[in-house]
Each structure stands twice: as structure tokens, then as C-alpha cells.
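>>> sequence-free structure coming up:
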């Protein structure tokens, strides 16, 4: 493969920047900024997001440049960093949209079955029944009824999907109901 003069010059700039030459790094950034920005835009489709991606990517490039062993791989390495940053940014946006959609879909009324159970049961018995739950179910019940979090908020707080929160709440309620009804029948 025949290497062209601009590629050789970029390799020189990479080697100089790795050695601590700030002017070489500035020239390298100047040479690659537009290309990396175009790549980020192709991936994100948004000019502002592409600028943010490239800015974050340059921070990664600055941190990783001393460890780059071969200056000739700089282009592919820089593009990979921008690609990874763009994927992260897109993922954050998608998670935010899903969370916002879940908040919008959240029902206004909450299930008050635990409140009904609390009225019918001694609070010490209820507390003991809650403490007997597995930790994940106990956390979901506490956040839902004691902190009055929505399903979506619990999902975010526990870093699990909303469906998992609903499942944990369902199983916890069944266990609490069985425990509390067993206590009431024993009396």
C-alpha cells in the first residue's frame, strides 16, 4: 500500500503529540475535526449532538493518545472513539425517550391494596411481613408504598425494566397477602 503525504504528516503529528508537542496536537485536531464531525453527524443525524460527540471524543483521544502504540492507526482509532461516543449519546437519548414515554403512560391512580392491608393488619405484623420479603421485592414495595414512587421512578432507581418492577410488586403483594391473611386466620 502506497502511503500519501498527508497520511505521513498525520503520523508525524500523532507521534509529536504523543511526545507532548501541544502545537502538533493542535494541528492534528485541526486536520481531523471536520472529518470526525462529519462522521459523528452521519451517525447521529443531529448537528449539535455531533458537536458534543466530537468534543467528548477529543477528550478521549487526548487521554488515550499516549497509549497509542502505532501512529498509523490513528484514523481508525479516532473514528472508533467517535463511533462509540455517538452510540452512547444515541443510547442516552433513547433511554430518556423511553423513560419520558413511561412517565406519560403512568396511570394517575395507584393501587391501594397495601393501604387496605395495613388497615386490616397490625402495623408490627405488616412491618415484619415486609422485612421477611426477599430484598428486591422489599425494595420495590418500600419505594412504591412508602416513598410513593411510580413504577417508572422505581425502574430508574433500581436500574431494572418497568416490567420487572411490576413483577416484583406482584410477587411481594401475594406474599404479604398470604402472610397477613394467615395471621388473621390464626387469631
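Arrived safely. What you see is a predicted model; the values in this text were computed from it and never measured.
>>> Can you name the next helix or strand after the helix or strand bottoming out on mean pLDDT in the chain?
Lowest by mean pLDDT, DSSP states H and E among the helices and strands of the chain is helix 113-120, with a mean of 50. Remark: after helix 113-120, the chain's next helix or strand is helix 123-131, criterion DSSP states H and E.
>>> Quick one: residues contacting residue 131.
Shown in contact with residue 131 (CB atoms under 8 Å, 6 or more residues apart in numbering): residue 138. Every C-beta, even on glycine, is put in place using the N, C-alpha and C of the backbone.
>>> any idea of the pLDDT on it?
What the model reports as pLDDT for residue 131 is 82.
>>> Residue 27 too?
94.
>>> any idea how far it lies from residue 101?
As judged by CB to CB, to the nearest Å, residue 27 and residue 101 stand 46 Å apart.
>>> again with residue 66
Going from residue 66 to residue 101 by CB to CB gives 43 Å.
>>> do residue 51 as well
From residue 51 to residue 101 the distance is 27 Å (CB to CB).
>>> Which one's more surrounded, these two?
residue 51 (14 against 11; other CB atoms under 10 Å).
>>> Contacts only, for the more buried one.
The neighbours of residue 51, taking CB under 8 Å, 6+ apart as the test, are 37, 40.
>>> Quickly find the element holding residue 37.
Since the elements are taken from DSSP H and E, residue 37 ends up inside helix 22-44.
>>> Contacts for that helix next, please.
6, 10, 12-14, 16-17, 47, 49-51, 53-54, 57-58, 62, 65, 75, 78-79, 82-83, 85-87, 89-90.
>>> Got the confidence number for the nearest residue to residue 66 once chain neighbours are set aside?
Once flanking residues are discounted, residue 66 sits nearest to residue 18: 5.7 Å by CB to CB, 6 or more residues apart in numbering. For residue 18, the pLDDT comes out at 89.
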